[in-house]
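K.L.:
Below: sequence and its predicted model.
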Amino acid sequence: MTDPYSSLPKLPPSFYQRDVLTVSRELLGKLLVAQSPEGRVIGRIVETEAYRGHEDKAAHSFRASPDGRTSVMYEAGGRAYVYLIYGMYCCFNIVADKKDVPHAVLIRALEPVDNLPLMYARRKQRPEAKPAVLCSGPGKLCQAMGISLSLYGEDLTGSRLYLLDPGAPPPNIIATPRINIDYAEEAKNYLYRFVIPDSPFLSKKLIQSKTP
DNA sequence: CGACCGATCCTC
DNA sequence: AGGATCGGTCGT
């Protein structure tokens, strides 16, 4: 059987160059592909967070100069913003909107889809561990996908790191507050986190309302 | 130039 | 609940 992913369309620049909240919602269900000498890995996006630049106290670009760490966020949408956190983990963001609008989408969790053996190896997990340990958090998914600072600024319409449209959008999407931004005052209440609620691969379990 | 701290993860 | 670990950012 031939590779079922090679026939899927790549997301074009126009997909990314829209409002960051729209892009964050519509990224759910899309396939993230990372190609490297070690092999190709694929994950389905199940959790995202929007960061809205100068209008959002939680954003790295809230008050930062357009040079330095956040410079790529000022480029037109469709590039990778990768940063180091806590000195030891990477987080992967997708730059959104037009040039000079420093908005981006943090990818927080993936459903592992292709080449799970390579993901297990990179995450140093035993084969008997559940696949949910591979990509259920922004640092974990960067390890599993092989995303490091060397992909800072990478063009997501290229061949090393790109997104595919599998066709059917997820039927359910919900919005919640973002994770670990307690410092962000009023912005911590914004409903800028988007999840596929029934996915077992989220970074945190959803708080379920009681049903009788 | 030094101190502080984080869009995290793992182990205790 | 706490430690690992380091570059960006801000204050002196």
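P.N.:
Structure received. What you see is a predicted model, and the numbers here were worked out from it, not measured in a lab.
K.L.:
which bits of chain A sit near DNA strand C?
P.N.:
Listed as neighbours of DNA strand C in chain A under the rule C-beta under 7 Å from any atom of the strand: A:60, A:63-65, A:68-70, A:84, A:86-88. For the C-beta atoms, the positions are set from N, CA and C on the backbone; glycine is no exception.
K.L.:
filter those residues to the buried ones?
P.N.:
For those, a burial check counting by 16 or more other C-beta atoms under 10 Å picks out A:60, A:64, A:70.
K.L.:
what's the spacing between the last one and A:His54?
P.N.:
By that I understand A:Thr70. Distance, A:Thr70 to A:His54, using C-beta to C-beta, to the nearest Å: 11 Å.
K.L.:
ok, now the first one?
P.N.:
When distance is defined by C-beta to C-beta, A:His60 is 11 Å away from A:His54.
K.L.:
Just give me the closest of the residues of chain A next to DNA strand C to A:Ser203.
P.N.:
A:Tyr86 (15.4 Å; C-beta to C-beta).
K.L.:
How confident is the prediction for that closest one, by pLDDT?
P.N.:
We have a pLDDT of 97 for A:Tyr86.
K.L.:
Look up how far A:Ser24 lies from the closest residue to DNA strand B within chain A.
P.N.:
For chain A and DNA strand B, the shortest gap (C-beta to the nearest atom of the strand) falls at A:Gly137, measuring 2.3 Å. Using C-beta to C-beta, we find A:Gly137 at a distance of 17 Å from A:Ser24.
K.L.:
Could you check which of these two is surrounded by more residues?
P.N.:
Higher neighbour count among A:Gly137 and A:Ser24: A:Ser24, with 27 against 20, using other C-beta atoms under 10 Å.
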